[in-house]
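Undergrad: missing the sequence, but the structure's below:
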């Protein structure tokens, strides 16, 4: 049985529409007007124990709302969430004792005290056996390099240091599921790397289920095998990260630095339109996007080289970022978005 | 047992936070003493030549003022759990607090009672020592009143917590805690008997105060301490306090389950 099951989950916010001006503000006291906004629109998915799932979408797509319903902070308007057999917002304490969470912009640690105090509290309120706690603490201290940090008051830690301590706090009671809501926000590459490796390591070794939302797609690429993409409150993709890379990412872009271009080049590129799409062209720079299942990079070079002197070239793989951007731009049906997206690239 | 352990751990960590700010601790000790000294002279002026007013003697009023001040400063005027709840609603930190593996109300209770009892000892003991030297403060009237006082005091602190918790929940609807704190202070300082013993009020206000739970926060425990309420009367007072704990607990429980559904976490 899946550890997380989500059926037709729906959440609608009521927003008080404030009227302008003093009179409007007074009027608002007597006749508040509400408009409702759908944040999450009947989504479905299920997650197995031990999976690491990336949950991505643009700002305001409904990511955080979903996470908050999964953790039980928000009550859904309709639909069903089951986490380890419990309804999170009803069986709060039961659910809380098997989960850990990091919300990138908040801290669960006591601001005025060193992290170790929070860890000790966690040990007591989650009732973690002393031996297990000590083992976890020393493992995490090593993996995240916390030795010096855990005795400094939290308010004196830098953002990166704080986040490392925060991540440890979310895992230290051996939770079954950990929700990470933008854990790498605002961090430098080194810290990001440390955190990613840690999550990957714990996910694999202890088969902790990890749900990760982020705007940094490298986080997802490194940590998660599966990705759920949400847009406008709806799931637009749910599957393996490789699949989306393969199907949408069958395009490559070649950047040519050129000299002495012949005018015929335009005509030639035009005849190859089926599998060669010119992205941009200036006297010294040509970018060409091609379908690598139909044509190879050297063939592309052979087409262009008779008409130009090629000085230099680079081939670019599509980043997931650009794939997701394509998805964001066009809200399409889950089944045929690949087809549509392919058509979309020609212009 | 496990629950108690959890609650002690929560109380413990919040007490540690108080001790981080050493200079604030010293300032508080000083303010607590200063207030009692001022109040002592005010009440001496009120009594003038008289030895007894409304059934409270001049020496009793000294004790009354000292104990009520300790409860007042650390319980009622301090930014209690209501302020904390309003704050975490406002800045969205409530989402973190709702994820702790213990019932939210029990957690806040542990937090509040821990801090309350600790700060009353921390700030109360110096006040008592100084007042003993300067003005003389009487011990509980009898051994029994001492024991009953401790029970009554703990019930009083629980009532104080429940009132604060209730007011804090209003923050789910107003998202502003400061006005609520001012409201609480005004209401409680008057109706709890912290400012003036309830016996000094005119008849109709006394009747209103009798009808409400607030007098059980300050007035009831102190009258038991002084021996003005004793025997059967004291037991009856404790039962009334207990009844208010039950009533307020039910109210806050119902209010909490409704309010928590309304959570719309600010920011993100």
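TA: Done, it's in. Predicted, not measured: the structure shown is a model, and the values here were computed from it.
Undergrad: contacts and neighbour counts: CA atoms only from here.
TA: OK.
Undergrad: distance check, residue B:153 against chain A.
TA: Separation of residue B:153 from chain A (Cα to the nearest Cα, to the nearest Å): 27 Å.
Undergrad: relative to chain A, how far out is the residue positioned nearest the centre of chain B?
TA: Per Cα atoms, centre = their mean, the C-alpha nearest to the average position across chain B is that of residue B:75, at 3.5 Å. Counting by Cα to the nearest Cα, the gap from residue B:75 to chain A is 22 Å.
Undergrad: OK, contacts around that residue?
TA: Neighbour list for residue B:75: B:116, B:157, B:160 [criterion: Cα atoms under 8 Å, 6 or more residues apart in numbering or on different chains].
Undergrad: residue B:53 too?
TA: Residues near residue B:53 by Cα under 8 Å, 6+ apart: residue B:47.
Undergrad: any idea how far it is from chain A?
TA: When distance is defined by Cα to the nearest Cα, residue B:53 is 48 Å away from chain A.
Undergrad: and residue B:173, by the same measure?
TA: Counting by Cα to the nearest Cα, the gap from residue B:173 to chain A is 12 Å.
Undergrad: which ones among the contacts of residue B:75 also lie next to chain A?
TA: The subset of the contacts of residue B:75 within reach of chain A, by Cα under 8 Å from any Cα of the partner chain, is empty.
Undergrad: burial count for residue B:153?
TA: As a burial measure, residue B:153 scores 23 neighbours (other Cα atoms under 10 Å in any protein chain shown).
Undergrad: could you pull out the strands in the stretch 51-200 of chain B for me?
TA: B:52-53, B:56-57 (DSSP state E, counting those that start in this stretch).
Undergrad: avg pLDDT for the first one?
TA: Put plainly, it is strand B:52-53. Taken as a whole, strand B:52-53 has a mean pLDDT of 86.
Undergrad: OK, contacts around residue 107?
TA: Let's take chain A. By Cα under 8 Å, 6+ apart, the contact list for residue A:107 reads A:166, B:96.
Undergrad: look at chain B instead
TA: B:7, B:10.
Undergrad: for chain B, list the residues in contact with chain A, please.
TA: Counting by Cα under 8 Å from any Cα, chain B sits next to chain A at B:2, B:5-7, B:9-10, B:13, B:16-17, B:20, B:93, B:95-103, B:261, B:263-264, B:268.
Undergrad: what are the phi and psi values for residue A:181?
TA: Main-chain dihedrals, residue A:181, degrees, to the nearest 10: phi -100, psi 100.
Undergrad: burial of it, as a residue count?
TA: Residues near residue A:181, counting by other Cα under 10 Å, number 23.
Undergrad: in contact with it, which residues?
TA: Shown in contact with residue A:181 (Cα under 8 Å, 6+ apart): A:64, A:67, A:101-104, A:212-214.
Undergrad: export the residues you listed as TSV, with columns for secondary structure.
TA: TSV is the format used below for the contacts of residue A:181 (DSSP: H, G, I helix; E, B strand; the rest coil):
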residue	secondary structure
A:64	helix
A:67	helix
A:101	strand
A:102	strand
A:103	strand
A:104	coil
A:212	strand
A:213	strand
A:214	coil
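Undergrad: who wins on neighbours among the contacts of residue B:75?
TA: Neighbour counts for these peak at residue B:160, which has 26 neighbours (criterion: other Cα under 10 Å).
Undergrad: any idea how far that residue is from chain A?
TA: Distance from residue B:160 to chain A, by Cα to the nearest Cα: 25 Å.
Undergrad: distance check, that residue against residue B:216.
TA: 9 Å (Cα to Cα, to the nearest Å).
Undergrad: now do residue A:107
TA: From residue A:107 to residue B:216 the distance is 38 Å (Cα to Cα).
Undergrad: tell me how many other residues crowd residue 146.
TA: Assuming you mean chain A. When neighbours are counted by other Cα under 10 Å, residue A:146 comes out with 19.
Undergrad: meant chain B, my bad for not saying
TA: Residue B:146: 18 neighbours (other Cα under 10 Å).
Undergrad: what are the ranges of the strands in the stretch 101-250 of chain A?
TA: Taking DSSP E, counting those that start in this stretch as the criterion, the stretch 101-250 of chain A carries its strands at A:177-181, A:209-213, A:226-231, A:234-240.
Undergrad: what sits against the nearest residue to residue A:210 once chain neighbours are set aside?
TA: Closest residue in space to residue A:210, ignoring its immediate chain neighbours: residue A:52 at 4.6 Å, by Cα to Cα, 6 or more residues apart in numbering or on different chains. Residue A:52 sits next to A:203, A:209-212, A:223-226 when contact means Cα under 8 Å, 6+ apart.
Undergrad: which ChimeraX command selects the buried ones in those?
TA: Buried subset of those, written as a ChimeraX selection, criterion 16 or more other Cα atoms under 10 Å in any protein chain shown:
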select /A:203,209,210,211,212,223,224,226
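Undergrad: can you redo the contacts of residue A:52 as JSON lines with pLDDT?
TA: Conversion of these to JSON lines gives the following (pLDDT from 0 to 100):
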{"residue": "A:203", "pLDDT": "94"}
{"residue": "A:209", "pLDDT": "96"}
{"residue": "A:210", "pLDDT": "96"}
{"residue": "A:211", "pLDDT": "95"}
{"residue": "A:212", "pLDDT": "94"}
{"residue": "A:223", "pLDDT": "91"}
{"residue": "A:224", "pLDDT": "91"}
{"residue": "A:225", "pLDDT": "90"}
{"residue": "A:226", "pLDDT": "93"}
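Undergrad: so, low pLDDT: which residues of chain A?
TA: Low-confidence segments of chain A (pLDDT under 70): A:247-249, A:278-279, A:319-321, A:325-347.
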